[in-house]
Structures are given as C-alpha cells and as structure tokens.
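Undergrad: Any chance you can model this:
(one chain, ligands or ions: 1)
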Amino acid sequence: MTEAEAQKAIVSRPDAKSQNLTHYFTGKECKYGHVSLRLVSTRQCCECSKEYLKNNYEHLSAYKKQHKIQNAEKYKLSDKLNYEKNRDVRLEKMRAYAKNNKAIIFQNIVKRKASKKQRTPPWLTQEHKHMMVAVYKLSINKSECTGIEHHVDHIVPLSGKTVSGLHVPWNLQVLEASENRKKKNVVWPDMWERIENVN
Ligand SMILES: [Zn+2]
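TA: Residues are numbered from 1 along each chain as shown. Have a look, this model is predicted:
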C-alpha cells in the first residue's frame, strides 16, 4: 500500500493497534485542519508533527546537542553496543564489497601509500618514525579496549583542498571512526570549529 492509498483507507486506532500498526487514519481533520495519518502511540497528527519539526528545527537541534553533551557516557555506551551488534553485518558487507571492488581498493591503497610517501619529509628521524608507529598501535589498542572503532587521522589532511599536511608525528591523532567521518565533510582550516559545533 502506498502512503497515498494508506491515507484513504480508514483504520481506527484500536484496529491499527490490534494489527501492530504504528499509524491509524480517521479521515477527519485534526484541530489544525490536516486530514492526515495519526500515530497510534500518541494520537498525534503526522502533518502537525512535521510542521512542529520544521518550525522548531533550531531549538530542537540545540536541545539535542546539549542532551548529547550532558549524556556523553550514555551515548558512548550506546555507540559501543551498536558497534558490537552490527559487527558481523558490517564485516560481511566489507568482505562482499572488497570481493567485488578489488581494483578500486587496490588503487586506493596505492594512492594512500603514495600520498603518505610524498608527504613524508626526508628529514624525519628514526625517533619520529617510532613515534608514528606508536600512534598507529595506540589506535588499534583503543579500538580493542573500548569496542569503538578508532582511526589514525591526519589533523591537516595529506591532500586537502586548501592546504596539505605532512605525514609527521605531530600531524597524527587517534580519533573515533565516527569523528573521523564527520571530519571528512569539512575542509581545513575551519573544520575544528565545525567539528566542535557538531558535538
Ligand atoms: Zn494536524
């Protein structure tokens, strides 16, 4: 049934409830004049909800942001549980993708290696190199200990649009994979401000 068809079919709230549906439809106007589906759980009109979300977007997103800060531990725990729950599915997907996209993956590895090599200054000392290996080890340890996937990130990207960073110890940091993904959508130098705003 399409949404338009569902809109036409009258389903009372008790009927919807007995069929485990999330929405019901009376065919009558809500007090704001919408003829729309309603939520079984709260009797809320869907059009009203949509309007409320639209009109209060800024207020709601500020609230959400604040809620995330105040409940950081809870969010972290739920991220961790989700990560573990979806582990097998994710691995299976990755395997399937790798199998069907060998050429692309190979090309990306070569490209990344080349850009690391190209952005590694010749004056790096042996000690610098040890420091870098330590950062990569730290990222693996953090992933294993917390159950949250961590990546090594170049603070200033190696192939940024406005500037290119170096493959040096002080340009490396360990980030949660989700943070790293957020970073990909913004461009240096204002990305830190943007990332802080996202949190
Ligand atoms: Zn309404």
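Undergrad: In the lengthiest helix in the chain, which of the residues would be classed as buried?
TA: Counting by DSSP state H, the longest helix found in the chain is helix 126-146. Going by neighbour count (16 or more other Cβ atoms under 10 Å), the buried part of helix 126-146 is Met132, Ser139, Lys142, Ser143. Backbone N, C-alpha and C define where each C-beta goes, glycine included.
Undergrad: how about the residues you listed in JSON lines, adding distance to Ile109?
TA: Shown next, in JSON lines, are the buried residues of helix 126-146 (distance: Cβ to Cβ, whole Å):
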{"residue": "Met132", "distance to Ile109": "18"}
{"residue": "Ser139", "distance to Ile109": "18"}
{"residue": "Lys142", "distance to Ile109": "23"}
{"residue": "Ser143", "distance to Ile109": "20"}
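Undergrad: can you put those residues in TSV and add pLDDT and distance to Ala72?
TA: Formatted as TSV, these follow (pLDDT from 0 to 100; distance: Cβ to Cβ, whole Å):
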residue	pLDDT	distance to Ala72
Met132	93	29
Ser139	91	21
Lys142	89	17
Ser143	86	19
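Undergrad: Looks to me like Arg43 is in a strand.
TA: No: when classified by DSSP: H, G, I helix; E, B strand; the rest coil, Arg43 is found to be coil rather than part of a strand.
Undergrad: Can you report how many residues lie near it?
TA: If you count neighbours by other Cβ atoms under 10 Å, Arg43 ends up with 11.
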